[in-house]
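J.: I would like to see how this sequence folds:
(2 chains)
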Amino acid sequence: MKLIQFCLVSVFLAILLAPSSAVAHRVNIFAWLEGDDVAVECGFSRDSPVRNGRITVFDAKSGKELLQGATDKKGHFRFPVPQSVRRNAHGLRIRVNAGEGHQSEWLIAADELMLSGDVPDARTQPSATEASLLSTSGDGVTQEAVRRIVNEVLDTKLAPIRRDLAAASEPGIQEIIGCVGWLLGLAGIAFYFKGRRG
Amino acid sequence: MHIADGVLSPAVLGTGAALAAVGTAVGLRRLDYDRLMTVAMLSAAFLVASLVHVPVGFSSMHLILNGLLGVLLGFAAFPAILAALALQALLFQYGGLTILGVNTFCMAFSGVLAGYCFKAVARICPGPKGQKAAAFCGGALGVALAGLFTASALAFSDEGFITTAQLLFLTHLPVMLVEGIITMFMVSFIARVRPEMLHWR
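T.: Below you'll find the predicted structure:
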């Protein structure tokens, strides 16, 4: 029993003594739209970016490879939204390979792409209400310009929230302790079956 | 050293899954009632160790503890590591389910080999000092072999074997040292409180 006590104490000490920024060694990828560009950020955790990670961008629907690149020293990569994707209303699948088997993907859905930048489709035609609103402003501001400005501001304002969402998928201390409970539960099930067999 | 989903070819994935299944079957067969809780505890230690990482210099590292598991459990390290990696894949999208076999084999078989190395060295140099040296070798060897197996699995992908192996070995040198010391302390502690634990089949 001494051993079990020792193990329990050391597991909990390891959790408690670990720095609060403790995160898993998994490569994280996060991408968002900034106007006509897609910005990509890759890191093992927020403090250690993926330097020179291989980025590959695919058409999410057809799976065709669109472009390749590498992240810079801060783990950033930026590319313009390919016109073919926007025209066909397909999404983007962005993959980072950081070497040593570390790979991760991020999906940008088609409707997200359609909401930003130049949209060469029927949406640019102002609806009746929009047209009347614009005519009342009357100082030469086109509807397209307003749309672009609003989109850009929204992109920059929403980026930190999206980044937090992406970071929230990393395991915290509660999840780690929960996992230990899972394992003890599995051991309990094993005890049950071994005990029944004799 | 978790390989992510979608990196390896189906042939490598299948081989890894088959080898991991064999190892787990052997491990479960050799696992008796009295050792179940020890296996669960060490499985939990393995899981926590690889989720918590400590900043070292410019980068960060996490312990693997596969050598310790191999030294204390022998083949029973296979089910312990499989359970921990399966939970990491299911709950944290860490590694992945298709790659689970390869990751389990890389981590567990290196641990098992480290365990047999511990037994061999402890037999050649008997006594408490020999046992400590053997435990250190076991802990360090587990990490080194895990790197070697991971590099071999990646050799069939588009990354070269030599460069990956070198990179993994160099970045894991401090981990090898730390795990050797941890294994040494754990084994000398267990040799004092429950020496029968070190005699697995």
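J.: would you list every one of the strands in chain B?
T.: For chain B, strands defined by DSSP state E occupy the ranges B:53-56, B:59-62.
J.: Pull the residues that contact whichever strand or helix holds A:I176.
T.: Here A:I176 sits within helix A:173-197, counting by DSSP states H and E. Contacts to helix A:173-197, defined as Cβ atoms under 8 Å, 6 or more residues apart in numbering or on different chains, come from residues A:11, A:15, A:18, A:22, A:171, B:33, B:36-37, B:39-40, B:43-44, B:47-48, B:51-52, B:83-84, B:87-88, B:91-92. Placement of C-beta: from N, CA and C, glycine included.
J.: check contacts around the spatially most central residue of chain B.
T.: The residue lying closest to the centre of chain B (Cα atoms, centre = their mean) is B:N66, at 2.2 Å. With contacts defined as Cβ under 8 Å, 6+ apart, the neighbours of B:N66 are B:F46, B:A77, B:I81, B:M107, B:A108, B:S110, B:G111, B:A114, B:G142, B:V143, B:A146.
J.: I figured the third one was touching B:A44, is that so?
T.: No. In this structure, B:I81 sits apart from B:A44 without contact. The criterion is Cβ atoms under 8 Å, and the distance is 11.6 Å.
J.: Show me which of the two is the more surrounded one.
T.: A direct count of neighbours by other Cβ atoms under 10 Å in any protein chain shown for B:I81 and B:A44 places B:I81 higher, at 35 against 26.
J.: Could you list the low-confidence segments of chain B?
T.: Flagging of chain B using pLDDT under 70 yields the residue ranges B:1, B:55-60, B:158-159.
J.: if you set the cut-off to 90 instead, what comes out?
T.: B:1-12, B:31-35, B:48-64, B:88-97, B:126-128, B:147, B:150-175, B:194-201 (pLDDT under 90).
J.: where along it do the helices fall?
T.: For chain B, the helices defined by DSSP state H occupy B:10-30, B:36-51, B:66-73, B:77-92, B:100-124, B:128-155, B:161-171, B:173-193.
J.: Quick check: can you list the domain ranges of chain A?
T.: Split into domains by the TED database, chain A comes to A:28-115, A:143-197.
J.: Pick the most buried one from these.
T.: domain A:28-115 (a mean of 18; mean count of other Cβ atoms under 10 Å in any protein chain shown).
J.: Does at least one residue of it sit close to chain B?
T.: Yes. Applying Cβ under 8 Å from any Cβ of the partner chain, one finds domain A:28-115 touching chain B at A:F44, A:S45, A:D47, A:S48, A:N97, A:G99, A:E100, A:G101, A:H102, A:Q103, A:S104, A:E105.
J.: As TSV, those with secondary structure would be great.
T.: Converted to TSV, the residues of domain A:28-115 next to chain B look like this (DSSP: H, G, I helix; E, B strand; the rest coil):
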residue	secondary structure
A:F44	coil
A:S45	coil
A:D47	coil
A:S48	coil
A:N97	strand
A:G99	strand
A:E100	coil
A:G101	coil
A:H102	strand
A:Q103	strand
A:S104	strand
A:E105	strand
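J.: Looking at those residues, spot the one nearest chain B.
T.: A:G101 (3.3 Å; Cβ to the nearest Cβ).
J.: Wait, that closest one touches B:S152, no?
T.: No. Using Cβ under 8 Å, A:G101 makes no contact with B:S152, being 11.5 Å away.
J.: SS state for A:F79?
T.: Per three-state DSSP, A:F79 ends up strand.
J.: Got the confidence number for it?
T.: As predicted, A:F79 sits at a pLDDT of 89.
J.: which ones are touching it?
T.: Applying Cβ under 8 Å, 6+ apart to A:F79 gives the contacts A:D37, A:V38, A:V40, A:V57, A:L67, A:G69.
J.: ditto for B:F46
T.: Contacts of B:F46 by Cβ under 8 Å, 6+ apart are B:I64, B:L65, B:N66, B:L69, B:A80, B:I81, B:A84.
J.: tell me, how many neighbours does the residue nearest to the residue nearest to the centre of chain B when sequence neighbours are not counted end up with?
T.: Using Cβ to Cβ, 6 or more residues apart in numbering or on different chains and skipping residues adjacent in sequence, the residue nearest B:N66 is B:G111, 3.9 Å away. When neighbours are defined as other Cβ under 10 Å, B:G111 has 33 of them.
J.: quick revisit: which one of the contacts of B:F46 has the most neighbours?
T.: Ranked by neighbours (other Cβ under 10 Å), those are led by B:I81, which has 35 neighbours.
J.: Please tell me how far that one sits from B:A108.
T.: Look at B:I81 and B:A108: by Cβ to Cβ, to the nearest Å, they are 4 Å apart.
J.: which neighbours do the two share?
T.: B:N66, B:L69.
J.: any idea how far the nearest residue to B:D5 once chain neighbours are set aside is from A:S84?
T.: Sequence neighbours aside, B:G96 is the residue nearest to B:D5 in space, at 3.1 Å (criterion: Cβ to Cβ, 6+ apart). Applying Cβ to Cβ, the value for B:G96 to A:S84 is 30 Å.
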